[in-house]
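Novice: Prediction below, plus the sequence it came from.
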Amino acid sequence: MEKILVILSNNNFSGGEKVAIEVAKALKNKFEFIFFIPKIPKESLLRKIENFKFYYAKKSIIFEALKVIDNENIKLIHSHGIRAGFWGKIIKILKPKIKHIYTIHGIHYLHRKFPLNKIMHLCETISNKFLVEKIVCVGKDDFEFLKKYSNKIILIQNGIEVENFIENTMKNEKITLLTISRLHYQKDITTLIKSISLIRELDIVLYIIGDGPEREKLENMTKELKLEDKVVFLGFIENAENYIKNCDIFILSSRWEGLPLVILEAWKHKKPVLASNVVGIRSLISNYEDGILFELGNSVELSKKIVELVYNQNLRKSLGENGYKKLLKEYSLELMVSKYEKVYQELL
């Protein structure tokens, strides 16, 4: 059985890591997957990879990864995320015969300030040409942008496992809004909290699942706006599925995305999705068919869209049902896995 070294960008469990692990679980009878992590894995990630062989860097990421490649006789590496892609490219320089697949989970460098964004894009374009066999985009927006620069670009959209839908019969006392995201600049939770302050008279509550560098700032903002009874921070929750199942409206206010798994998770439970009209989301959602889009950073517009959904139960229902149908058709785990399997077979 051929071995594949999966290089992760982080030591915690987030979207990119979830995709990598789901693919490995689905194809473990056809390939042997070994994970390499840049530092000691956090408990959330450790539980997900405990059935796989894994290594983590104690000092030098590159040299320790090279040692693993030699000891395990690895012929193919699969890097997930821009940081992992960078390490994979250095490995490729040092071991030119190794094959390298690079999955980009969102082109984050494009959102840095000028001229750093241009410099990083140039470096990526040149290094992708010589140091990668296949470059995978997880969303249509990134694919359409990058395919102009390389013929190695392929589209494999993220997918999740979908069980038969079971309707949630529990009714909330208040209309429950939910967002799940890292509390980081990219996610623009500030706009979401501002929108709640504009409609504080409504009988609603917003639950925020996630942690990150902006948590303290966002909690202070909530107190200053006197929204403690309207906005509840729940912190990181490893399995938030019950919260999705029980919410009335799911909201994602990001500045950019690759292809957000949380929207697919919301569709899995037929929840209406309200999201920012940005890269990675706009190609996923058909406005007023399977979700509603609002202008990035526009808290007034977002508040009006929330009010519209609060008072229109039929719209909430139709958006959720259409999202579920799209999920089954275009974003299943089986479809994603079959495309990755084809790429592995081509390169091994």
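Specialist: All right, it came through fine.
Novice: domain assignment for this protein?
Specialist: Following the assignment in automatic domain parsing, the chain carries domains at 3-159+332-347, 175-330.
Novice: Quickly note the distance from residue 251 to residue 128.
Specialist: 34 Å (C-beta to C-beta, to the nearest Å). Where you see a C-beta, it was placed from the backbone N, CA and C, and this is true even at glycine.
Novice: returning to that earlier point: now the domains of the chain in CSV, with mean pLDDT?
Specialist: Listed next are these as CSV, based on pLDDT from 0 to 100:
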stretch, mean pLDDT
domain 3-159+332-347, 96
domain 175-330, 97
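Novice: will you turn these into TSV that also has mean neighbour count?
Specialist: Formatted as TSV, these follow (neighbours: other C-beta atoms under 10 Å):
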stretch	mean neighbour count
domain 3-159+332-347	18
domain 175-330	19
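Novice: OK, contacts around residue 172?
Specialist: 246-248 (C-beta atoms under 8 Å, 6 or more residues apart in numbering).
Novice: cutoff 10 Å now
Specialist: Applying C-beta atoms under 10 Å, 6 or more residues apart in numbering to residue 172 gives the contacts 203-205, 246-248.
Novice: any idea how far it lies from residue 100?
Specialist: Distance from residue 172 to residue 100, by C-beta to C-beta: 48 Å.
Novice: and residue 302, what element?
Specialist: helix 299-311 (DSSP states H and E).
Novice: Check which helices and strands that helix sits against.
Specialist: If you count contacts as 3 or more C-beta pairs under 10 Å, 6 or more residues apart in numbering; DSSP states H and E, helix 299-311 packs onto strand 175-180, helix 189-198, strand 204-209, strand 249-252, strand 273-276, strand 292-294, helix 313-330.
Novice: Hey, what's the angle from it to strand 204-209? Just curious.
Specialist: Using axes from the mean of the first three to the mean of the last three C-alpha atoms, to 10 degrees, the inter-axis angle of helix 299-311 relative to strand 204-209 is 110 degrees.
Novice: Now do helix 299-311: everything it contacts.
Specialist: 174-175, 177, 188, 190-200, 202-204, 206, 248-249, 251, 253, 272-277, 292-296, 298, 315-316, 319.
Novice: Spell out the secondary structure type for the residue of the chain most remote from its centre.
Specialist: Within the chain, residue 201 marks the point farthest from the mean C-alpha position, 33.0 Å out by C-alpha atoms, centre = their mean. Under DSSP: H, G, I helix; E, B strand; the rest coil, residue 201 falls in the coil class.
Novice: For it, give its distance to residue 310.
Specialist: From residue 201 to residue 310 the distance is 11 Å (C-beta to C-beta).
Novice: picking up where we left off before, what's the farthest-apart pair in the contacts of residue 172?
Specialist: Greatest spatial distance in the contacts of residue 172: 203 and 246, 16.3 Å, computed using C-beta to C-beta.
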